[in-house]
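**Student:** Build me a model:
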Amino acid sequence: MVDKSAGFIVIDGSQGEGGGQVLRTALTLSILTNKNIELINIRAGRNKSGLLRQHLTAVLAAQEVCDAVVEGVELRATSIRFSPRKVKAGHFNFAIGSAGSTVLVCQTILPVLALATKGSTVVFEGGTHNGMSPSLSFLEQSFLPILKRMGVSCSIKTSALGFYPAGGGKWQITIAPTEKLKPVHLTASGCDFSENKNNCCITALVSLLPEKIGLREVKAAQKILNWHDVPNNVQQVITPGPGNSFQLSVNSETHRNVFEVVGQVGVSAELVAKRAAGHVKKYIDAQAAVEEHLADQLLLLIALAGSGSFTTTALSLHATTNIEVIHQLLGIDLKVEQLTPLLWRVSLA
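**Tutor:** Have a look, this model is predicted:
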């Protein structure tokens, strides 16, 4: 709905999954469409509603890249107003001050800077692998290769990773923008898994923990998926606090699908591997081109390109909420079709 007297489009943050995605997508599209927005009931579907540090940083980052006029922006705020102005490329630095997701902050402003008139460099400080959001590994290996196919070249330089709860990660992204995003069509299954397992990889990141945790994860995944001949490695990384990220990946001609589970206290290495393997099995059984989390991230890119398509497994509530916010601000209807009991297609003609 539109507040006609003030010219603000009202976005209800309690809709759908009621989380931070409503906030981030609304901010991105507000800037790119130059529309004033009022966000209400921010993160109403979460135990701790309102703006936490991660979400506050996303708002402040969005404000800085376009010199927006804002109202009510503070920690735990449940409603804000955001009035964008002209986008400015350049050099930026955003620190969350917690282990909150730097990747989600990045994805709030990345589409904006990807369509700017000049290149930008942005430094982020905070969490990189916290298990509740796309990780830096996902961004670099899965998301950015597709963005490159759409015309935007990005490079990442990592100074330090940051696991929950210590955080302390620091990394930099350099963005070479494009005038217009090119459409992408990702509809073919990644590969023939029975014949081409070289397209798969097993990786365990371990910091300040015994290496055997990663080795046990690798062994468990090999057994569950019959990936005994798949390349694997256990990487010791340096972070401010202990952490573990277990990743199974499947390459295609266009991108890499990353299935990641972050280790937690009290959760065995074998269970971590089992959870990751379960996501892989679901993806393989569906013969999809894009895994669930990447599918969610591609919705906005396809909408901004004005055309595109991909196949994936059943859309999450996160994704369907994203589709609704995109419709509200762009007036675009992304078409969702069920092709088989396990396979779905999302498209925009």
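
**Student:** got the contact list for the residue nearest to residue 57 when sequence neighbours are not counted?
**Tutor:** Of all residues not flanking residue 57 in the chain, residue 96 sits nearest, at 4.8 Å (CB to CB, 6 or more residues apart in numbering). Yep, even glycine has a C-beta here, placed from its N, CA and C like the rest. Residue 96 sits next to 53, 54, 57, 102, 105, 124, 125, 126, 127, 167 when contact means CB atoms under 8 Å, 6 or more residues apart in numbering.

**Student:** List the contacts of residue 287.
**Tutor:** Counting by CB under 8 Å, 6+ apart, the residues that residue 287 touches are 189, 342, 343.

**Student:** Just the buried residues of the residues you listed.
**Tutor:** Buried by 16 or more other CB atoms under 10 Å: 189, 343, out of the contacts of residue 287.

**Student:** Sketch out the helices for the chain, chain order is fine.
**Tutor:** Applying DSSP state H to the chain gives helices spanning 20-33, 53-66, 102-114, 136-138, 144-149, 211-225, 269-286, 292-305, 317-330.

**Student:** I would like the residues contacting the last one, please.
**Tutor:** Residues outside helix 317-330 that contact it (CB under 8 Å, 6+ apart): 9, 11, 15-19, 21-22, 25-26, 29-30, 33, 35, 37, 292, 295-296, 299-300, 303, 315, 332-334, 336.

**Student:** so how far is residue 109 from residue 83?
**Tutor:** Note on residue 83: its distance to residue 109, by CB to CB, to the nearest Å, is 16 Å.

**Student:** Just want to know which of these two has more residues nearby.
**Tutor:** In terms of neighbours (other CB atoms under 10 Å), residue 109 is the more surrounded of residue 83 and residue 109; the figures are 28 against 20.

**Student:** in terms of contact, does the more buried one touch residue 116 like I think?
**Tutor:** No - the criterion here is CB atoms under 8 Å, and residue 109 misses it with residue 116 at 9.9 Å.

**Student:** which one is the residue positioned nearest the centre of the chain nearest to, not counting chain neighbours?
**Tutor:** Taking CA atoms, centre = their mean, the centroid of the chain lies closest to residue 134, which sits 4.4 Å from it. Leaving aside its chain neighbours, residue 134 sits nearest to residue 103 (5.1 Å; criterion: CB to CB, 6+ apart).

**Student:** Run through the residues that contact the one you found.
**Tutor:** 128, 133, 134, 135, 136, 138, 139.

**Student:** and those residues as CSV, adding pLDDT?
**Tutor:** Shown next, in CSV, are these (pLDDT from 0 to 100):
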residue, pLDDT
128, 97
133, 92
134, 94
135, 97
136, 97
138, 97
139, 97
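
**Student:** who wins for neighbours among those?
**Tutor:** Going by other CB under 10 Å, residue 128 tops the contacts of residue 103 with 30 neighbours.

**Student:** got a list of what that residue touches?
**Tutor:** So residue 128 contacts 101, 102, 103, 135, 136, 158, 161, 162, 163, 169, 171 (CB under 8 Å, 6+ apart).

**Student:** Same question for residue 215.
**Tutor:** Here residue 215 is in contact with 204, 234 (criterion: CB under 8 Å, 6+ apart).

**Student:** try 10 Å this time
**Tutor:** By CB atoms under 10 Å, 6 or more residues apart in numbering, the contact list for residue 215 reads 204, 206, 232, 234, 269.

**Student:** Find residues that contact each of residue 109 and residue 116.
**Tutor:** 65, 66, 87, 175.

**Student:** burial count for the last one?
**Tutor:** Same thing as residue 175. Applying other CB under 10 Å, I find that residue 175 has 25 neighbouring residues.

**Student:** just checking, it touches residue 147?
**Tutor:** Yes - checked against CB atoms under 10 Å, the pair residue 175 and residue 147 is within contact range at 9.3 Å.
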